[in-house]
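Trainee: need a structure here:
(2 chains)
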Number of protein chains: 2
Amino acid sequence: MDAELNVSAGPGLPEPLAAELAARFAGRFATGETARLQHGSSEAHHLPRLPDAVVFAESTEEVVAVVRLCARHRTPVIAFGAGTALEGHFTPVAGGVCLDLSRMDRVLAVNAEDFDCTVQAGVRRQQLNEHLRDKGLFFPIDPGADATLGGMAATRASGTNAVRYGTMREAVLSLRVVTADGRDIRTSRRARKSAAGYDLTRLFVGSEGTLGIITEVTLRLHPIPETISSAVCGFSTLKGAVDTVVETIQSGVPVARVEFLDDVQVRAVNRWSDLSLVETTTLFFEFHGSERHVEEQVGTVAAIAEANGGGAFEWATRAEDRTRLWKARHEAYYAAVGLRPGAVGWPTDVCVPISRLAECIEATKADLATASIPAPIVGHVGDGNFHVLFVLDPDNPAEAAEAERLNRRLVDRALAMDGTCTGEHGIGLGKIDCLEAELGEAVELMRTLKRALDPDNILNPGKIIRL
Amino acid sequence: MDAELNVSAGPGLPEPLAAELAARFAGRFATGETARLQHGSSEAHHLPRLPDAVVFAESTEEVVAVVRLCARHRTPVIAFGAGTALEGHFTPVAGGVCLDLSRMDRVLAVNAEDFDCTVQAGVRRQQLNEHLRDKGLFFPIDPGADATLGGMAATRASGTNAVRYGTMREAVLSLRVVTADGRDIRTSRRARKSAAGYDLTRLFVGSEGTLGIITEVTLRLHPIPETISSAVCGFSTLKGAVDTVVETIQSGVPVARVEFLDDVQVRAVNRWSDLSLVETTTLFFEFHGSERHVEEQVGTVAAIAEANGGGAFEWATRAEDRTRLWKARHEAYYAAVGLRPGAVGWPTDVCVPISRLAECIEATKADLATASIPAPIVGHVGDGNFHVLFVLDPDNPAEAAEAERLNRRLVDRALAMDGTCTGEHGIGLGKIDCLEAELGEAVELMRTLKRALDPDNILNPGKIIRL
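Mentor: I've put the predicted structure just below:
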């Protein structure tokens, strides 16, 4: 990156701002095309758009400095973590400065007795879990990518463990945030609960960098369970698999993970991860607890599965088998994209009340059966949340149009069932209209919040809402 | 109340507003002293201050009408549920209209398969649980009083089950809210998780009626556990009791309730509820789960208690014994006030990280030992949350001054341990300065939110923050 050091930023950056940033961040201010490309494009379907410059911050104080400089010049600032968001969250639609936080990667404190830790925003989830392992603790939230904790907080991420451990909404105890006018605040103390004033923590969780820039995150942790058991079970019908999930949740079994893969996705996973699962609707389970308690949970769920046409549970008892299974699940996106050479993926997600899940997945599956593009379904179904992965030929605009149409039908179906247009991917650029359809006049309240906290619209402009 | 029907409202109400409200709410607009007294005073220590009038709303549309009329006349509107808040939340410091929501007491929907329900704001927690019992469901959050669900959402209430089931922060799925300009919005759909835009739900949870008026609440429910076991255990030392709690939490046992009562409180409870507990530091436990899982939890916790100088567990196995035990716990406040004839209670609460709990309670106990007033300690200690109940002679201002001094020392002690000035009672009028001490510049952000959502400061003015 040093090779790219020059002050000829993209066309949108005021020259005095470029000069000030270059002086303040010598060696960490990049305006070359490579760095800008790396920070403007994403894995998902949204078109790349380049920031005018990239700054690599190494401390909250530096974030304050960047935000203050940009505020003075009314120039957009887009926080950037691992660049794995799926709805164009970090696409700099109005140019400006991409503020890369990935070098803020220190675990600042682990309070093992309190089951919490504080990390800088650029720490990644796998790095955190490696750091915690020796202490007998883990952090459960696991979106597909190895995202940063700051990005996960900013997008209200969840993943496979959310059915038991919640999402970033529940996991974040406190945040350190830089506001649009460059103030450096903490949203809360470290106590597990508080009734002290407005919930500023939850205001920033899920705000996608539009209300403030998260620089530190205090998280709830959990003890590594005494026993962990994972199993795979194939079903003769889609309905049987979904009913198994619904009945498991309704029985009160505290299942740690229950993941749904349709036949198309199982075929993709077999090829990508060299597994040999029967290519039918399949559930991946995981149970956490004491040995006796896990045994009891398994007994209950196995009986439910059997009654719903499930095959035998195939157990992954050794740690390496479990790792292989869940790695395959986490790579479902890549597996799906691998179904077509040269294809690109467009992942979407919705979430519905669990009583409507079977109906929603069945109607979606029927809809996709008429599509010309492969579109496997995979989901964190214990929450009522599932994904469709459209696998597109990037050179055929008709396919993108078809995916758009199918996606909107999926969202409308979920909304008609009192569900949400996104369970975990967020709004970004891709679902602004869906959010309007979902919440109507409440979106006007979001505009009021945005205008109040960022009156000059410099923080990740153009995301979540149209002003 | 009809007897009090006249349009001579208190001095602060503009005459045209009084006339409009009287016309619109014939029979449900009260300006007599009795109704105003009932809606201006509280059980706690804050001085009564009367609203100018009381309106009894029966629908969200009526709440919209009241808010719009008051907005037009820039007159304060104070939402009122059961009137059980403890920090002066509903004291109308600037007069105005008290909007009593207690007649909005219908359970609108129970979605048993989804473990959720929607209630009007005036439904009380005991009423909801009676409604749910036949369906095998319950709502766990239980502040001491039989509060309304709207009030509990507005104050981010918790209670004895929070250690396992969370607080109103986790329990509320969605809200219907009337904003300061009289819009009627829903904050979210009914899906269990969502990444769709700013978390408006959590913005209103805990906002104490200052950002909007909650008229309907959608809540997460839980299955009534197969087995419920309650026990009481006395300890030879305070430290032994607190260490038992800390080690229980750290062992990962999903204890449903673990309540601490100091020796003074046990004495008060014995007298008030006709129990015969040994008058020493005592823990009340409750365990939920399958029979086997409860047995396992009990085994783990009993061993921890024994190692920390606990006596034998006294079991309340029959439902009526359990009810008696928890009724006694819920009446701890009245029991404490009953220690002195003619006394009034001033309850306060703080919450600290659990690793600091023993130190915090011991230092508090030592501080209270020098006090001239009785001040038992009782707490939801699994969360690090505990209360001090100052029992005051209302005719002796020196006692109130002493309580104020002790309270501030308690708050400062909690803050020094990275705790919060209130785990569940809220800020109201009583802890505005404490909130400033706790969050510093972040309070300025709360002011920005308040000004944006309620520019004329008509919604419960004077609470949480000073403008």
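Trainee: And the pLDDT for A:Gly12?
Mentor: Listed pLDDT for A:Gly12 reads 80.
Trainee: for A:Ala3, same thing?
Mentor: Confidence at A:Ala3, expressed as pLDDT, is 36.
Trainee: And for A:Gly342?
Mentor: For A:Gly342, the predicted pLDDT is 94.
Trainee: ok, it to A:Val391 distance?
Mentor: Going from A:Gly342 to A:Val391 by C-beta to C-beta, to the nearest Å gives 10 Å. Quick note: C-beta positions are derived from backbone N, CA and C, even for glycine.
Trainee: Between these two, which is the more surrounded one?
Mentor: Neighbour totals were compared for A:Gly342 and A:Val391, and A:Val391 leads with 23 against 8 (other C-beta atoms under 10 Å in any protein chain shown).
Trainee: Next, count neighbours for the closest residue to that one other than its chain neighbours.
Mentor: Leaving out its chain neighbours, the residue that sits closest to A:Val391 by C-beta to C-beta, 6 or more residues apart in numbering or on different chains is A:Pro374, at 4.4 Å. When neighbours are counted by other C-beta under 10 Å, A:Pro374 registers 19.
Trainee: contacting residues around whichever residue of the stretch 101-250 of chain A sits closest to chain B?
Mentor: Ranked by C-beta to the nearest C-beta, the top residue of the stretch 101-250 of chain A for proximity to chain B is A:Arg202, at 3.5 Å. Neighbour list for A:Arg202: A:Arg169, A:Val172, B:Arg169, B:Asp199, B:Arg202, B:Leu203 [criterion: C-beta atoms under 8 Å, 6 or more residues apart in numbering or on different chains].
Trainee: tally of neighbours for the last one?
Mentor: This means B:Leu203. 24.
Trainee: who are the neighbours in contact with it?
Mentor: A:Tyr198, A:Asp199, A:Arg202, A:Leu203, A:Leu449, B:Thr187, B:Leu211, B:Leu449.
Trainee: CSV for the residues you listed, including pLDDT and distance to A:His131?
Mentor: As requested, those are arranged in CSV below (pLDDT from 0 to 100; distance: C-beta to C-beta, whole Å):
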residue, pLDDT, distance to A:His131
A:Tyr198, 98, 32
A:Asp199, 98, 28
A:Arg202, 98, 26
A:Leu203, 98, 28
A:Leu449, 98, 34
B:Thr187, 98, 36
B:Leu211, 98, 38
B:Leu449, 98, 35
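Trainee: A:Ala358: which of the residues you listed is nearest?
Mentor: Nearest to A:Ala358 out of the contacts of B:Leu203 is B:Thr187 (C-beta to C-beta; 27.1 Å).
Trainee: Pull out the buried residues from stretch A:266-274.
Mentor: Buried residues in stretch A:266-274, counted by 16 or more other C-beta atoms under 10 Å in any protein chain shown: A:Val266, A:Arg267, A:Ala268, A:Val269, A:Asn270, A:Trp272, A:Ser273.
Trainee: Report the rounded mean pLDDT for stretch A:29-38.
Mentor: 92.
Trainee: what comes up buried for that stretch?
Mentor: A:Phe29, A:Ala30, A:Thr31, A:Gly32, A:Ala35, A:Arg36, A:Gln38.
Trainee: Repeat that for stretch A:327-346.
Mentor: Residues A:328-339, A:343-346 are the ones in stretch A:327-346 that count as buried (16+ other C-beta under 10 Å).
Trainee: Alpha carbons of it, in CSV - could you do that?
Mentor: Taking Å, rounded to 0.1, in the frame of the first residue of the first chain, the C-alpha atoms of stretch A:327-346 are listed here in CSV:
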residue,chain,number,x,y,z
LYS,A,327,-17.1,-25.5,8.1
ALA,A,328,-19.1,-27.0,5.3
ARG,A,329,-22.2,-25.2,6.6
HIS,A,330,-20.3,-21.9,6.8
GLU,A,331,-19.1,-22.3,3.3
ALA,A,332,-22.6,-22.9,1.9
TYR,A,333,-22.4,-19.7,0.0
TYR,A,334,-19.2,-20.6,-1.8
ALA,A,335,-20.6,-24.1,-2.4
ALA,A,336,-23.7,-22.7,-4.0
VAL,A,337,-21.7,-20.3,-6.2
GLY,A,338,-19.5,-23.2,-7.2
LEU,A,339,-22.6,-24.9,-8.7
ARG,A,340,-22.0,-22.9,-11.9
PRO,A,341,-18.6,-22.1,-13.3
GLY,A,342,-17.9,-18.3,-13.4
ALA,A,343,-21.1,-17.5,-11.5
VAL,A,344,-21.6,-14.9,-8.9
GLY,A,345,-23.8,-15.2,-5.8
TRP,A,346,-26.6,-13.0,-4.6
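Trainee: In the helix or strand hosting A:Val294, which of the residues would be classed as buried?
Mentor: Here A:Val294 sits within helix A:291-307, counting by DSSP states H and E. Counting neighbours by 16+ other C-beta under 10 Å, one finds that the buried residues in helix A:291-307 are A:His293, A:Val294, A:Glu296, A:Gln297, A:Val298, A:Thr300, A:Val301, A:Ala302, A:Ile304, A:Ala305.
Trainee: ok, which of the residues you listed also contact chain B?
Mentor: Contacts with chain B within the buried residues of helix A:291-307, counted by C-beta under 8 Å from any C-beta of the partner chain: A:His293, A:Glu296.
Trainee: Dump the buried residues of helix A:291-307 to TSV, plus distance to A:Leu13.
Mentor: Shown next, in TSV, are those (distance: C-beta to C-beta, whole Å):
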residue	distance to A:Leu13
A:His293	58
A:Val294	56
A:Glu296	61
A:Gln297	56
A:Val298	58
A:Thr300	60
A:Val301	56
A:Ala302	60
A:Ile304	59
A:Ala305	58
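Trainee: got TSV for the buried residues of helix A:291-307, with pLDDT too?
Mentor: Listed next are the buried residues of helix A:291-307 as TSV, based on pLDDT from 0 to 100:
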residue	pLDDT
A:His293	93
A:Val294	95
A:Glu296	94
A:Gln297	95
A:Val298	95
A:Thr300	95
A:Val301	97
A:Ala302	96
A:Ile304	97
A:Ala305	97
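Trainee: The nearest residue to A:Asp262 once chain neighbours are set aside: how many residues sit nearby?
Mentor: Once flanking residues are discounted, A:Asp262 sits nearest to A:Ile377: 4.3 Å by C-beta to C-beta, 6+ apart. Using other C-beta under 10 Å, A:Ile377 has 22 neighbouring residues.
Trainee: residue ranges of the strands in the stretch 251-400 of chain A, please?
Mentor: Counting by DSSP state E, counting those that start in this stretch, the segments of the stretch 251-400 of chain A that form strands are A:257-261, A:282-289, A:314-316, A:344-351, A:377-380, A:385-392.
Trainee: Now distance to A:Asp412 too, for the ones you listed, in TSV please.
Mentor: Below are these laid out as TSV (distance: least, C-beta to C-beta, whole Å):
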stretch	distance to A:Asp412
strand A:257-261	21
strand A:282-289	27
strand A:314-316	37
strand A:344-351	10
strand A:377-380	17
strand A:385-392	14
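Trainee: Pick out the shakiest of the ones you listed, pLDDT-wise.
Mentor: Of all the strands of the stretch 251-400 of chain A, strand A:314-316 carries the lowest average pLDDT, namely a mean of 91.
Trainee: Could you spell out the sheet neighbours of it, each with its direction?
Mentor: Partners of strand A:314-316 in the sheet, by DSSP bridges, are strand A:227-234 (antiparallel).
Trainee: how far does the partner strand sit from the chain's center?
Mentor: Remark: strand A:227-234 is offset 24 Å from the chain centroid, using C-alpha atoms, centre = their mean, to the nearest Å.
Trainee: Also stretch A:169-184?
Mentor: Using C-alpha atoms, centre = their mean, the offset of stretch A:169-184 from its chain centre is 18 Å.
Trainee: And the helices in the stretch 351-467 of chain A?
Mentor: Along the stretch 351-467 of chain A, the stretches classed as helices by DSSP state H, counting those that start in this stretch are A:357-369, A:397-416, A:432-439, A:442-453.
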